[in-house]
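In: pasting the sequence and the predicted model now:
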Amino acid sequence: LGEHDAAAATAQRTAAVSFAAIRRLRPGITGPVAVVGTGRQARAHLRALAGFAPGCRVYVCGRDANRAGQLAREATGHGLVAAPAFAPGDVAAAVAVAGLVITATSSRTPVIGDRVRDDALVVAVGNYRADASELPATLVRRSRLYVDAGVGARHEAGELLGAGVDWSQVQALDDGGVWTRDPTRPAVFKSVGSAAWDLAWARAAWLP
């Protein structure tokens, strides 16, 4: 794979893992979705969302009005009902009403606040650094916690590491267990990536 192809494969694989978790935690998406970010990962997750919940209402949130507007138009072309949100107040309002929030940025500091619905699912995919977090620690501490890779998350999930979570309460997608959900508080799914997910993607993409 070339550099461009590898980046595209990573984005597709990450989105696939996100929606494997979403199927477990929120099989029916009700209410709007907020996607925070306007780059490759955000685009891949919007494409996956169009297949998972066609016709869903989504806010595309970003700091740049032009990029947010362009990606919202692309999402509308894929069958979603998309609108851009770029002013800080508009982004905060979109996140506050969303049943599903996906953060897909390269920011090392929180890109959303603690104000989310009690039944919201927050999917954080943007970074894999121990010293970075797209989410505020207060949100992480009051949420049920899930990760894609149990071992990797203990070294790379900055959102959880920075919040000082009790790892015995964190459930992992790769442990094969049955996930439990508390409907009275938010759920956070943190994805850090894993070679196992790369192999699964390659098998699905290239093997008959």
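Out: Noted; the coordinates are in hand.

In: what about the strands in this protein?
Out: 33-36, 57-61, 81-85, 100-103, 121-124, 144-147, 170-172, 187-190 (DSSP state E).

In: could you export these as CSV, including mean neighbour count?
Out: Every C-beta, even on glycine, is put in place using the N, C-alpha and C of the backbone. Formatted as CSV, these follow (neighbours: other Cβ atoms under 10 Å):
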stretch, mean neighbour count
strand 33-36, 28
strand 57-61, 26
strand 81-85, 21
strand 100-103, 27
strand 121-124, 27
strand 144-147, 24
strand 170-172, 19
strand 187-190, 27
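
In: same list, those strands, but as a markdown table with mean pLDDT please.
Out: Converted to a markdown table, the strands of the chain look like this (pLDDT from 0 to 100):
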| stretch | mean pLDDT |
| --- | --- |
| strand 33-36 | 98 |
| strand 57-61 | 98 |
| strand 81-85 | 97 |
| strand 100-103 | 98 |
| strand 121-124 | 98 |
| strand 144-147 | 97 |
| strand 170-172 | 95 |
| strand 187-190 | 97 |
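
In: ok, which of those strands comes nearest L71?
Out: Across those, L71 has its closest neighbour in strand 57-61 (4.9 Å, Cβ to Cβ).
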